[in-house]
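> From the sequence below, what's the structure:
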Amino acid sequence: MSYVEYKIKNQLLKVQKIISEEELRERIKEMAVQISADYKDEPVYLVGILKGAFMFMSELCRHLTITCECSFLGVSSYGNEKTTSGKVKITKDIEEDIEGKNVIIIEDIIDTGITLSFLKEYMKTRNPKSIKICSLLSKPSCRKVELAIDYVGFEIPNEFVIGFGLDYEQYLRNLPYVASVLISPQPHI
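Residues are numbered from 1 along each chain as shown. Now for the predicted structure:
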């Protein structure tokens, strides 16, 4: 196994690629084909969950062959922690009316499912025509609530991952691949 090391805030991160840039591109194209086929000539309203889903949503909508609108919603359930707090707070809401629209919530990763379960119920109050969930990554072993995920890029084990929008304390979102992380405390010198 080969690692790349990054030093961030007195932490030494050993990063190992688990999903390559090519694998991401190919799977996202496949997901776009499936979504386009499912909706045929109907437009969709994509709601990207900030900040992590921005790269995935950008790549996904480039490959859709149907009309789409794009918006973003900010949600806090992590803060600067590596595990979810279980308390969901909307920090930036969508501005457009979604009544009668086909809404697809775009997420970077689903672990417990608590945030997405909350968001799906929240979106239902706005009377969309339909609501589906699309996630680049899923950790089924971490699920704490029952949640139907309509489109999943990759199922992964319960590891902390970064890259392609996913971060470590707001860093390393820009990596073009997904990587698992080992974190070692760095002694103060």
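> Can you tell me how far Gln170 is from Glu59?
21 Å (C-beta to C-beta, to the nearest Å). The C-beta positions use only the backbone N, C-alpha and C, and glycine is treated the same way.
> for Asp97, same thing?
If you go by C-beta to C-beta, the gap between Asp97 and Glu59 works out to 27 Å.
> higher neighbour count, those two?
Higher neighbour count among Asp97 and Glu59: Glu59, with 18 against 11, using other C-beta atoms under 10 Å.
> In the protein, where is pLDDT below threshold?
Counting by pLDDT under 70, the ranges of the chain that qualify are 1, 78-86, 184-189.
> Okay, helices next: where are they in it?
21-39, 54-63, 114-124 (DSSP state H).
> okay, those helices, which one's buried deepest?
Of all the helices of the chain, helix 54-63 has the most neighbours on average by mean count of other C-beta atoms under 10 Å, namely a mean of 19.
> Report the contact partners of the most centrally placed residue in the chain.
Compute the mean C-alpha point of the chain, and by C-alpha atoms, centre = their mean the closest residue is Asp108, 1.0 Å away. Residues in contact with Asp108 (C-beta atoms under 8 Å, 6 or more residues apart in numbering) are Ile49, Gly52, Ala53, Phe56, Ser135, Leu136, Leu137, Phe164, Gly165, Leu166.
> hmm, which two among those are most spread apart?
Ile49 and Phe164 (14.1 Å; C-beta to C-beta).
> Quick check on those two: which one has the bigger neighbour count.
Counted by other C-beta under 10 Å, Ile49 and Phe164 do not tie: Phe164 has more neighbours, with 27 against 23.
> these two touch, right, that one and Gly153?
No. Assessed by C-beta atoms under 8 Å, Phe164 is found out of contact with Gly153, at 9.9 Å.
> any common contacting residues for these two?
The contact lists of Phe164 and Gly153 share Leu24, Phe56, Leu136, where a contact means C-beta under 8 Å, 6+ apart.
> Count residues in the vicinity of the last one, would you?
Meaning Leu136. By other C-beta under 10 Å, 30 other residues sit near Leu136.
> Check the spacing between it and Arg62 real quick.
On the measure of C-beta to C-beta, Leu136 and Arg62 end up 14 Å apart.
> Kindly report the same for the first one.
Applying C-beta to C-beta, the value for Leu24 to Arg62 is 13 Å.
> same check, this time on Ile106
Applying C-beta to C-beta to Ile106 and Arg62 gives a distance of 13 Å.
> hey, what's in contact with both of those two?
Common neighbours of Ile106 and Arg62 (C-beta under 8 Å, 6+ apart) do not exist.
> my guess is Leu46 meets Glu59, correct?
No. Applying C-beta under 8 Å as the test, Leu46 and Glu59 come out as separate, 11.8 Å apart.
> Isn't Ser130 up against Ile105?
No. With contact defined as C-beta under 8 Å, Ser130 does not count as touching Ile105 (11.2 Å).
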